[in-house]
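**Q** Sharing a model prediction with you, sequence too.
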Amino acid sequence: MWHGFLPVEPAWYRKTFTLPAGYRGKSIWIDFDGVYRDSVVYLNGHKLGEHQSGYTGFAYDIARYANFGGRNVLAVYVDPRRFEGWWYEGGGIYRHVWLNVANPVHLAPLGTYVVSKIPEPKAPGFVPGPASVSIETAIVTSGTPGRYTLVSTIVDPAGKTVAIARSSALVSGRSTVHQAVEVKHPSLWSIDTPRLYTLRTDLEQSGRIVDTQQTHFGIRTIRYDADTGFYLNGRPVKLKGTCNHQDFAGVGIGMTDSILYWRIKKLKEMGSNAYRCSHNPPAAELLDACDRLGMVVMDETRHLGDTYQQKTPSGTTTSDLSDLAWMIQRDRNHPSVIMWSMANEEPLEGTKEGANIFKAMAKVVRKYDTTRPITTAMNYGWGDGFTLVEDLLGFNYAPDQYDKFHKLFPKLPILGSETASITYTRGKYTTDVDRGFVFCDWVWPEAAWEPIASRPYVAGGFVWTGFDYKGEPTPCKWPDINSNFGAMDICGFPKDSYYYYQSVWGSKPIVHLLPHWNWPKDTTKPIHVLAFSNCRRVELLLNGRSLGAKEMPENGHLEWQVAYEPGILAARGYDAAGKLTAVDKVETTGAPAALRLTTDRTRLKADGEDMTVVDVAVVDEKGRVVPTASNAVNFQVSGPGRVVGVGNGDPTDHAPDKASARKAYCGLCMVIVGAGTKATGSIRLQATSPGLKPAVMTFTIGK
């Protein structure tokens, strides 16, 4: 049940490729960014190695068994039957795989570490300068030691070179070069202005570049204060976060770079500024999206004490914490990462044994990075165990403990590492657990957010969750196959709670009404109406008649009982001066008459991976979404593209995501359109449904 009732079976992958004869003598290795899980890799019949974790990357040197100038067969066996988490985790090779070819002397993978330091700005807009930037670069060689020149060039967000460091180094085995430069007038990375610098690293011998790489980083300051919360560049920032699993409709856990980027954009539009990687290291491309869009991150490892422990001949268990070390080295240059999380709700979290394991993990973290605090997400045992050895304490729920703990540990910063867990199905306003949908109108998200918002010493909180995901259908059972926790459903369609967060996390005036206004004409029971808003006062009107105005409680919501009559139910939001600043309405619609397509971009790259999410709405003759519509929609693509997948957010719909058709759910469904690998030109997407006017959208495919 917790894994979505979905089958997981072992599988083999095979890829045949050729290597030029000229590659002989070079360093050649294969990087796997993520394989779920228990993988065994072979090249030309020779075993390269095994990797158990489904969430960490690994690499194998293939030079020994490679056939240069001829055919090579890479085979990967994957067995996902043993779960690591209690949600749907998928199976197979779901992240990028890279073939790397380099000079025998080259820059070490994950071997570059950039740290920038500036005095904390004392006022908004003030940037103290210069910034001191330290650069640590590891160089490896499998051949004869030699002398090389390392050139590190820093390019600012506008593309201008602002600093260069040049060092001579004798490289033998693995050598590390330390450099320091100044950036005189730094542009700071922040949530609102995510400015990125680029470090270009060139390894030279006799004036010839033998290896090069680029590393993106940001210049910013972070600080956690036990009394006043989190500071970014000297300014207090309340963390308005969501927790998320790596799962999306139409693609499962195999999300492409563009889908990851799209999801972060959707969270930003909700007003979120923080992302918790729950409960595992994410794809590197997700962190790239957070860097570029301005989203701070709680980066989390999968297991306490590393992913797996190996038995020694004496029968004891040991762990080298290599998965944790990999995560820190891979992610430490991302300015979006503002804390390292060592665990989530571990049984040992409140114990001395747990504290000892945490200390060992913290030692590994600080070996590779000393610029961020180390934390955990605890659901009990606060005051013991992890609490005694961590830099920042995470509370999973239990807002009633904030004041008590702050008095007992006044010098330890705290945050809500996991909050809310509101179960709610998009478009449904009653609860029927047996049929697989829920509406929790008696517990709204303010019960979790208000205790955080009203306490300066709580750095912020991470809502469970931003998106629905497969598995954990609480409180439902079969036929429900996915969670109901998200502020958005599994397709990214907003639920009503999404607008609550917009109202308390954003500054733009907003008012949002629920439920919809399509009820049977003979409805006699009053409709329970709610409004979310950040306006001072909200007036409710039915068909132009005022039903009265109410003062909006801070971080709260308003409620009415309204006798139903078809038409227009509207809400008007006013500011403190009485000025109308926001309006929302729900209307009684006509019957389904047409389809409507919308997307955030219509230009794709012909790389075989780029794709875009297209929202599909069933509308009436006036273009209004029919909130009860369930029409079946068919999709056809012509041109150099394809239908990648479909979805509708219905937690009980067992139709395949890999298909060219989907029923609408509460008026909406989704199709993902992807580009091909070579051809450019135009893609034409047509959506049709019996009895409805079809919709067409055109996409431009370029290089």
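**A** Looks like it came in fine.
**Q** now what about the one helix or strand Tyr499 maps to, what contacts it?
**A** Assigned by DSSP states H and E, Tyr499 belongs to helix 496-505. Residues from elsewhere that reach helix 496-505 (CB atoms under 8 Å, 6 or more residues apart in numbering): 240, 270-273, 422, 424, 444-446, 449, 453, 463, 487-488, 508, 510-512, 514, 530, 532-534, 555, 557. Bear in mind the C-beta positions are built from the backbone N, C-alpha and C, glycine included.
**Q** The residue lying closest to Gly70 once chain neighbours are set aside: neighbouring residues, count only.
**A** Counting by CB to CB, 6 or more residues apart in numbering, Thr18 is the residue found nearest to Gly70 once chain neighbours are left out, at 6.5 Å. A count of neighbours around Thr18, defined by other CB atoms under 10 Å, yields 12.
**Q** need the contact list for Thr18.
**A** Taking CB under 8 Å, 6+ apart, we find Thr18 in contact with Gly69, Gly70, Arg71, Asn72.
**Q** how close does the closest residue to the first one other than its chain neighbours get to Phe68?
**A** Put plainly, it is Gly69. Counting by CB to CB, 6+ apart, Gly69 lies nearest to Ala21, which is 3.4 Å off, once chain neighbours are set aside. According to CB to CB, to the nearest Å, Ala21 stands 5 Å off from Phe68.
**Q** about what we covered before: just the buried subset of the contacts of Thr18, please.
**A** Among the contacts of Thr18, those classed as buried by 16 or more other CB atoms under 10 Å are Asn72.
**Q** Take the contacts of Thr18 and write them to TSV, including pLDDT and secondary structure.
**A** Formatted as TSV, the contacts of Thr18 follow (pLDDT from 0 to 100; DSSP: H, G, I helix; E, B strand; the rest coil):
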residue	pLDDT	secondary structure
Gly69	96	coil
Gly70	96	coil
Arg71	97	strand
Asn72	98	strand
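**Q** thought Gly647 was touching Ile490?
**A** Yes: applying CB atoms under 8 Å, one finds Gly647 in contact with Ile490, separated by 6.3 Å.
**Q** Overlap in contacts, these two.
**A** Common neighbours of Gly647 and Ile490 (CB under 8 Å, 6+ apart) are Ala249.
**Q** which parts of stretch 238-249 are buried?
**A** If you call a residue buried by 16+ other CB under 10 Å, then stretch 238-249 has these buried ones: Lys238, Leu239, Lys240, Gly241, Thr242, Cys243, Asn244, His245, Gln246, Asp247, Phe248, Ala249.
**Q** Please identify which of those is nearest to Ile154.
**A** Leu239 (29.2 Å; CB to CB).
**Q** any idea of the pLDDT on the closest one?
**A** Looking at Leu239, its pLDDT reads 98.
**Q** and the residue nearest to it when sequence neighbours are not counted, what helix or strand is that in?
**A** Using CB to CB, 6+ apart and skipping the chain neighbours, the partner closest in space to Leu239 is Gly460 (2.4 Å). Using DSSP H and E, Gly460 falls within strand 458-464.
**Q** Packing partners of that strand?
**A** When contacts are defined as 3 or more CB pairs under 8 Å, 6 or more residues apart in numbering; DSSP states H and E, strand 458-464 sits against strand 229-232, strand 239-244, strand 274-277, strand 414-420, helix 446-453.
**Q** Quick check: which of those is nearest to Thr588?
**A** Closest among these, once you apply CB to CB, is helix 446-453, at 29.0 Å.
**Q** From the contact counts, what lies against that closest one?
**A** strand 414-420, strand 458-464, helix 496-505.
**Q** where along the stretch 401-550 of the chain do the strands fall?
**A** 414-420, 458-464, 511-514, 527-533, 537-542, 545-551 (DSSP state E, counting those that start in this stretch).
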